[in-house]
Every structure is written in C-alpha cells, then in structure tokens.
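Student: From the sequence below, what's the structure:
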Amino acid sequence: MPTVTVRDETIAGQNIAEHPLELLSERLTVRELIRSRVYQEVQDYNSRRPDSFNGLVRPTDAEQALNGYKLAPGRTIDWQQQFSKASDAFTHNGFFILVDDRQPESLDEELVLTPQTRVSFVKLVPLVGG
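Tutor: Here you go, the predicted structure:
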C-alpha cells in the first residue's frame with residue numbers, strides 16, 4: 001500500500017499539521033483521497049479518544065476549540081457522516097486540495113500519488129461578519 005504525507009495548510013501556505021496517509025492504490029479520485037483521509041482520522045480518534053478531534057471537518061455537535069474540535073466525553077465519530085460533510089465542503093469551496101501545487105477541481109478527478117507527491121488540504125476560513 002502506498003503512503004503519502006498529507007499536510008493541512010493555511011491559505012498563506014503555513015503548515016498546520018502533517019501526517020502519513022495509507023492508500024489502497026496510487027491511482028485514485030479526489031473523492032477516494034478525501035474518503036481515505038477522513039476514514040483514517042476518524043478511526044485514529046475513535047481508538048484513542050484524545051481531548052480534541054483535529055480533523056478535516058467539524059463533527060456534528062462539536063465545539064470549536066483552540067486545537068481542533070471538542071466533543072462530549074466518550075463520544076465516537078461516524079466516519080461516513082464525516083466523509084459526507086467533507087465531500088460537501090470540497091464541492092462548496094470549504095477547502096481545496098493541492099497535489100504537487102496543482103489544484104484538482106472535481107471529486108471525480110483522477111490522481112496518481114507516490115510517496116514523493118505533496119498533498120495539501122487548505123481550509124478556507126470564512127470572514128467574520130461576511
């Protein structure tokens with residue numbers, strides 16, 4: 001299974017977080033990339049239950065915290081619900097993805113990823129009052 005390094009970045013290009021992501025194949029769509037990322041981060045959270053969830057999108061009923069999202073103690077996250085929210089966020093410009101500085105436009109766009117491929121998820125923060 002190929003593994004790529006996934007980065008979360010600000011719109012200015014500042015690296016916020018970085019983690020390895022195991023993929024089933026080096027050829028996949030943007031949708032499958034998002035699914036793999038969301039599945040892995042939710043599984044990691046549900047197995048360890050840290051104080052906060054630092055994922056791509058906010059889980060339902062979670063509060064924004066300084067370093068992620070705060071959930072009720074003992075609560076698990078449904079990865080399929082998170083994947084649905086993440087797909088919707090991508091489609092509605094809540095975040096975009098850069099693959100070696102190229103921006104895929106649709107969920108069905110096919111990608112070829114290698115361990116050297118640079119994958120960045122850039123969250124767009126809405127302006128206050130906007």
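Student: which ones are touching the residue most central in space within the chain?
Tutor: Nearest to the mean C-alpha position of the chain, by Cα atoms, centre = their mean, lies residue 56 at 3.6 Å. Residue 56 sits next to 8, 34, 37-38, 41, 82, 86, 89, 95, 121, 123 when contact means Cβ atoms under 8 Å, 6 or more residues apart in numbering. Heads up, the C-betas are built off the backbone N, CA and C, glycines and all.
Student: Check for me that it belongs to a helix.
Tutor: No - per DSSP: H, G, I helix; E, B strand; the rest coil, residue 56 lies outside any helix segment and is coil.
Student: I'd like the distance from the longest helix anywhere in the chain to the chain centre, please.
Tutor: Criterion DSSP state H: the longest helix present in the chain is helix 30-48. Averaging C-alpha positions (Cα atoms, centre = their mean, to the nearest Å) puts helix 30-48 8 Å from its chain's average.
Student: The helix or strand just after it: partners in the sheet, and parallel or antiparallel?
Tutor: Sequence order places strand 52-53 as the next helix or strand after helix 30-48, per DSSP states H and E. Each strand paired with strand 52-53, and its direction, by DSSP bridges: strand 68-70 (antiparallel).
Student: Tell me the buried residues in the strand it pairs with?
Tutor: For strand 68-70, the neighbour count (16 or more other Cβ atoms under 10 Å) marks 68-69 as buried.
Student: go on, stretch 109-122?
Tutor: Those would be 111, 113, 119-122, for stretch 109-122 by 16+ other Cβ under 10 Å.
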